[in-house]
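J.: need the 3D shape of this:
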Amino acid sequence: MLAKHAQIYPTEDELKAVQNAVQAVELALKEVSNKVHEQEIKVFTASNARLVLLRHFFLLRELLVQIFIAVDDLLVIRSFLLLTSL
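T.: Residues are numbered from 1 along each chain as shown. A predicted model of the protein is given here:
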């Protein structure tokens, strides 16, 4: 049985070679994972910036609408005052 074990069990050099290969693959996968994560952060940041700009646009639009309504109300009041003063 020991002879069979010695026959199928890898040598120390073979084990080191396999461990080195596994380490190289793990490092490569980690690097790919980091790159993908960086890209996701860039995409998220860009998307988030667009959403913030869009939200500001709608807030400004709402403010402009309120200003136009207020100006229109003032013009109506002015017209009424001019008509009643005659």
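
J.: what is the neighbour count of A17?
T.: 12 (other CB atoms under 10 Å). Using the backbone N, CA and C atoms, a C-beta is placed for each residue, glycine as well.

J.: no, scratch that, I was asking about K42
T.: 10.

J.: pLDDT score for it?
T.: We have a pLDDT of 89 for K42.

J.: so what's the gap between the helix or strand where it lies and the chain middle?
T.: Here K42 sits within helix 12-85, counting by DSSP states H and E. Centroid separation between helix 12-85 and its chain, computed with CA atoms, centre = their mean, to the nearest Å, is 7 Å.

J.: what is the burial count for H37?
T.: Neighbour tally, H37, other CB under 10 Å: 10.

J.: low pLDDT regions in this structure?
T.: Scanning the chain for pLDDT under 70 picks out 86.

J.: which residue is nearest the middle of it?
T.: F44 (0.9 Å; CA atoms, centre = their mean).

J.: how close does that residue get to E38?
T.: 11 Å (CB to CB, to the nearest Å).

J.: give me the neighbour count for V36.
T.: For V36, using other CB under 10 Å, the count is 10.

J.: same check, this time on the one 5 residues further on
T.: A count of nearby residues for I41, using other CB under 10 Å, gives 10.

J.: offset the numbering so it begins at 20, please.
T.: With 20 as the first residue, the last one maps to I60.

J.: what separation do you get for it and A68?
T.: I60 is 12 Å from A68, by CB to CB.

J.: again, but for L82
T.: 21 Å.

J.: again with K61
T.: 11 Å.

J.: repeat for V51
T.: Distance from V51 to A68, by CB to CB: 26 Å.

J.: got it, and A25?
T.: Taking CB to CB, one finds A25 at 64 Å from A68.

J.: same deal with N53?
T.: As for N53, its distance to A68 is 23 Å (criterion: CB to CB).

J.: then E57?
T.: E57 is 17 Å from A68, by CB to CB.

J.: same deal with P29?
T.: When P29 is compared with A68 (using CB to CB), they lie 54 Å apart.
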